[in-house]
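In: Provide a 3D model corresponding to the input given below.
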Amino acid sequence: MSDVLALVEARLRTALGEPDARAAVTFLGTDRIEVLRFHDGDVVRYATLGMSAQPMADPTAVVADPLRGPRAELVLSVRAGLADTDKVLRPLAVLAASPQVEGLVVAPGASLDTGEPLWPGAPFTSVLVAESGGLVEDLELDAPMDPVRFLPLLPMTPNEAAWKRVQGAEALQERWLKNGTDLRDPKRSGVPLG
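Out: Residues are numbered from 1 along each chain as shown. Prediction:
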């Protein structure tokens with residue numbers, strides 16, 4: 001599976017350039033998860049590396065298929081220099097390990113909650129998983145393996161996360177768009193939900 005991760009890292013480098021920092025986190029009973037940091041002008045991007053080593057398995061399956069199943073990595077983009085966002089490395093690694101630890105299948109429209117601020121002073125404790133294919137193209141793997149999808153994460157305030165649970169991901173994204181919300185602002189306030 002290290003071959004998959006080598007291909008994933010090459011795709012990230014092609015799309016985002018050379019990482020200027022990387023950190024590794026290992027949780028008991030899981031594979032190592034790395035988080036790579038890329039600077040792109042006034043935007044800093046954090047991408048996980050390791051989540052896609054194995055396919056995400058349906059938690060109801062009796063035996064996990066070692067080849068088939070969705071694969072993904074997570075990408076978070078924030079404006080640089082406005083907050084201590086480098087502290088997001090551990091929460092991102094926790095989210096990337098959730099398929100192994102909790103049997104989650106992470107897909108667009110899902111909410112992932114860290115239970116704590118994403119970085120010191122952050123108004124966000126959870127993220128909305130967005131559609132892949134924009135910033136980093138999906139990575140096709142040899143059959144029968146599913147492609148690796150690079151899923152953008154959109155930070156949500158607790159009120160936005162609660163509203164999304166009731167109204168749905170699409171309604172929240174429409175609300176953000178309607179209000180011209182800068183989803184890369186690490187200090188933004190929640191969108192009006194009334």
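In: For residue 143, see how far away residue 106 is.
Out: Distance, residue 106 to residue 143, by Cβ to Cβ, to the nearest Å: 22 Å. C-beta coordinates here come from the backbone N, C-alpha and C atoms, glycine included.
In: Name the residue in the two with the higher neighbour count.
Out: Taking other Cβ atoms under 10 Å, residue 106 and residue 143 do not tie; residue 106 has more neighbours (20 against 8).
In: correct me, but that one touches residue 100?
Out: No: judged on Cβ atoms under 8 Å, residue 106 makes no contact with residue 100 at a distance of 11.1 Å.
In: Residue 5 - nearest residue in space that isn't next to it in sequence?
Out: residue 53 (5.6 Å; Cβ to Cβ, 6 or more residues apart in numbering).
In: can I assume that neighbour is in contact with residue 4?
Out: Yes: at 5.9 Å, residue 53 counts as touching residue 4 under the criterion of Cβ under 8 Å.
In: contacting residues around residue 138?
Out: Residues counted as contacts of residue 138 (Cβ atoms under 8 Å, 6 or more residues apart in numbering) are 132, 147, 148, 149, 150.
In: buried stuff in stretch 77-85?
Out: 77, 78, 79, 83, 85 (16 or more other Cβ atoms under 10 Å).
In: what residues does that stretch touch?
Out: 39, 42-46, 88, 118-122, 135, 152, 155, 182, 184-187.
In: do stretch 177-190 as well
Out: Here stretch 177-190 makes contact (Cβ under 8 Å, 6+ apart) with 43, 77-79, 82-83, 85, 119, 121-123, 154-155, 157, 159-160, 175-176, 191-192.
In: any idea of the mean pLDDT for that stretch?
Out: For stretch 177-190, mean pLDDT is 96.
In: Can I get it as PDB, trimmed to CA atoms?
Out: Output of stretch 177-190 as PDB, limited to C-alpha atoms (Å, rounded to 0.1, in the frame of the first residue of the first chain):
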ATOM      1  CA  LEU A 177     -22.600  31.400  -1.200                       C
ATOM      2  CA  LYS A 178     -25.600  33.800  -0.800                       C
ATOM      3  CA  ASN A 179     -23.800  35.600   2.000                       C
ATOM      4  CA  GLY A 180     -20.400  35.700   0.200                       C
ATOM      5  CA  THR A 181     -18.800  33.800   3.100                       C
ATOM      6  CA  ASP A 182     -15.000  33.600   2.900                       C
ATOM      7  CA  LEU A 183     -14.600  29.900   3.900                       C
ATOM      8  CA  ARG A 184     -10.800  30.300   4.000                       C
ATOM      9  CA  ASP A 185     -10.900  33.000   6.700                       C
ATOM     10  CA  PRO A 186      -9.700  31.200   9.900                       C
ATOM     11  CA  LYS A 187     -11.400  33.800  12.100                       C
ATOM     12  CA  ARG A 188     -14.700  34.200  10.200                       C
ATOM     13  CA  SER A 189     -18.000  34.400  12.100                       C
ATOM     14  CA  GLY A 190     -20.900  32.100  11.400                       C
END
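In: Figure out how far that stretch is from the centre of its chain.
Out: 18 Å (Cα atoms, centre = their mean, to the nearest Å).
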